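Novice: just the structure for this:
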Amino acid sequence: MRLLVTILSRQTVVQASLIREAAPDVIIFVSTVMAAENDWHKNIPMLIKRENGEIKYLNVFIEKNMNLGAILEMLQRHVGNVVTQYGITEICCDASCGKGIHRILFAEYLKRFSEKHEIDFSLVYFDLDTRQINRIAVKDQAFHEYRSSVSIDWHLKERLTLYGAELTDFLTIYDAGKNYFVETAEQFEELYENLCNSMNLRAFFSSYDNMKSIIDLKNELHEFMVKNNREEQIDKFLQRIFGVMPHLRPEINDAKNEIRHKLTSFFDEMSSRKELRSFSDSFDFRTTLASCQKRFNAEMPEIVIGKILPLAGEIDKADLKSDVQHFLDVLFSKISEKITTLADVQNVEVTAAVFNRFKQKYVREIERESTLNTRSQISIIFEKLISYAVYRAIEKYPLLKESIASVFQNVKLSGKASSLIEIDTLVVFRNGYLHILEAKSSHVSNKDLNSRILVMKKYLGESVGMDIVFPFTAHDIELFKEKNDPFIRKFYSKGLKSAAGWGTFFATTDKEITPIDKIAGRLLDLATKYS
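Specialist: Now for the predicted structure:
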């Protein structure tokens, strides 16, 4: 008969794994003050369940202000009674859970008790990071190490209640014979394969809003866009310069109109240059723009200053000249920025026809009944694609079928105070380990991710991990990290927003990133590590 002595912990999954591996006939649970205050002893019925009935157990409480001597006396009394009542021949001490000083105290006492009564004694420790269980048989000075292979057959809802969270909504992807993709697998397989193989499609998923603006811009006339921006910027320039004039006089309005005419004429002439109108990203385009700027800087400050100096009154002339130069630099910069943007947009390969085919094929077919906007629909499709990739991997690899109990999508949790968190794809391994795949189509800060991980661990326990999945392949991510210029330019030409920024993000983030084409491999690594 084997006795296990363990201190009740918030890490119920750890205790469940350890109890099933230790296979005790009797358990003494010790509830600390914190455990009692948080009702952790209410989880005991889940911990003692086994196929052939429940494990016999005793639950004892450490009271407030109880010193170590009193705690030890309490343990001595209960261990003595249990050993006598059940004829215990082996004692295991759980070294995984509870306050460190209590574990040391219990281990030392139980070791001496076992030696005195000639009972086998061992320490059992569960390493949460590796899911490795260590057993040290003190009497034989033997050391055994093995992986946890237990099956935690709790339903997700039951599991979450352990940590004070309530499961309010979820979509079952894979669980106990349920298969969400049984009728739509072919359609999702096509989209998933296309996403992994098509840079165009990956650009769509990661920059839908940018795509839409590109199509809109390309459908606008160049003259209208540049002229509209030009007039707005010239008005701002005039407001800045004449805003410091002492008071309004007729000659000020005359000067304003003359300066406006000179600036407008210059930019009219500039925008008529064929090198700029061609939207080419060629040497001619860049050279012509630089030439225009040089001429602008040579002519315009003198013209503007000559018009406003006679009207300046008591204003410091040196400061006024400096302000004019600065605001003219800003003016040219804003207008040339618009021209350059239009040149970049014109070179993007996406057309309205391609864009509409994408919406027809993937958005409307999959989310036909949805009232959400297209951006939201595409986000939902990407989340479902990740869930599909998980299901696909389970169907393909026997190891995953053995290791993964269930998969849920769009899991919503709420706590006692307020709504807490939504999980895109939640993979539940049979040994109790949970893994989250979070779908993201844009960069996200490490600070936001750290905050999210803390909340998840609070309501899912420590036995949980999270990867971020972007609509990029492993090859994409490597080239982003290298800041490979030809690759980034090509991706931008497909419509990817902030293409250069992705390189910085992937090179600096410390979070686990799973490429869209490596989801199966990631799951296999987890199954091998944690099974």
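Novice: am I right that V407 is in a helix?
Specialist: No - checked against DSSP: H, G, I helix; E, B strand; the rest coil, V407 lies outside a helix; its state is strand.
Novice: ok, it to T172 distance?
Specialist: From V407 over to T172 the distance is 8 Å, taken as C-beta to C-beta, to the nearest Å. Every C-beta, even on glycine, is put in place using the N, C-alpha and C of the backbone.
Novice: so between these two, which is more surrounded?
Specialist: Counted by other C-beta atoms under 10 Å, V407 and T172 do not tie: V407 has more neighbours, with 26 against 14.
Novice: could you measure the more buried one against G177, distance?
Specialist: Note on V407: its distance to G177, by C-beta to C-beta, is 13 Å.
Novice: ok, Q233 next?
Specialist: Taken as C-beta to C-beta, the span from Q233 to G177 is 65 Å.
Novice: give me the more crowded residue out of these two.
Specialist: A direct count of neighbours by other C-beta under 10 Å for Q233 and G177 places Q233 higher, at 20 against 5.
Novice: show me what contacts the more buried one?
Specialist: By C-beta atoms under 8 Å, 6 or more residues apart in numbering, the contact set of Q233 is L331, K334, I335.
Novice: swap in 10 Å and give it another go.
Specialist: L263, F267, V330, L331, F332, S333, K334, I335, E337, K338 (C-beta atoms under 10 Å, 6 or more residues apart in numbering).
Novice: joint contacts of V407 and T172?
Specialist: In contact with both V407 and T172: K178, N179, Y180, using C-beta under 10 Å, 6+ apart.
Novice: by neighbours, which of the residues you listed wins?
Specialist: The most crowded member of the shared contacts of V407 and T172, judged by other C-beta under 10 Å, is Y180 (20 neighbours).
Novice: of the contacts of Q233, select the buried ones using a PyMOL command.
Specialist: Those of the contacts of Q233 that count as buried under 16 or more other C-beta atoms under 10 Å are selected in PyMOL with:
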select buried, resi 263+267+331+332+334+335+338
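Novice: which one of the contacts of Q233 is nearest N38?
Specialist: Nearest to N38 among these, counting by C-beta to C-beta, is E337 at 57.8 Å.
Novice: contacting residues around the closest one?
Specialist: N229, Q233.
Novice: that's a strand at it, yeah?
Specialist: No - E337: not assigned to a strand; according to three-state DSSP it is helix.
Novice: quick check, pLDDT for it.
Specialist: Note on E337: pLDDT of 74.
Novice: go on, L3?
Specialist: 91.
Novice: that one contacts I27, correct?
Specialist: Yes - using C-beta atoms under 10 Å, L3 makes contact with I27 at a distance of 7.5 Å.
Novice: quick check: neighbours shared by the two?
Specialist: K56, L58, V82, C92.
Novice: how many neighbours does the third one have?
Specialist: Other residues within reach of V82, judged by other C-beta under 10 Å, total 21.
Novice: in a helix, it, correct?
Specialist: Yes - applying three-state DSSP, one finds V82 inside a helix.
Novice: quick one: residues contacting it.
Specialist: Contacts of V82 by C-beta under 10 Å, 6+ apart are M1, L3, V5, V26, I27, I28, K56, Y57, L58, I88, I91.
Novice: of those, which belong to strands?
Specialist: In this view, these that belong to strands under DSSP state E are L3, V5, V26, I27, I28, K56, Y57, L58, I91.
Novice: just the buried residues out of the residues you listed, in ChimeraX syntax.
Specialist: Selecting only the buried entries of those in ChimeraX, with 16+ other C-beta under 10 Å as the criterion:
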select :3,5,26,27,28,57,58,91
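Novice: export the ones in strands among the contacts of V82 to CSV and tack on distance to E402?
Specialist: Output for the ones in strands among the contacts of V82, formatted as CSV (distance: C-beta to C-beta, whole Å):
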residue, distance to E402
L3, 32
V5, 32
V26, 31
I27, 28
I28, 34
K56, 31
Y57, 30
L58, 35
I91, 33
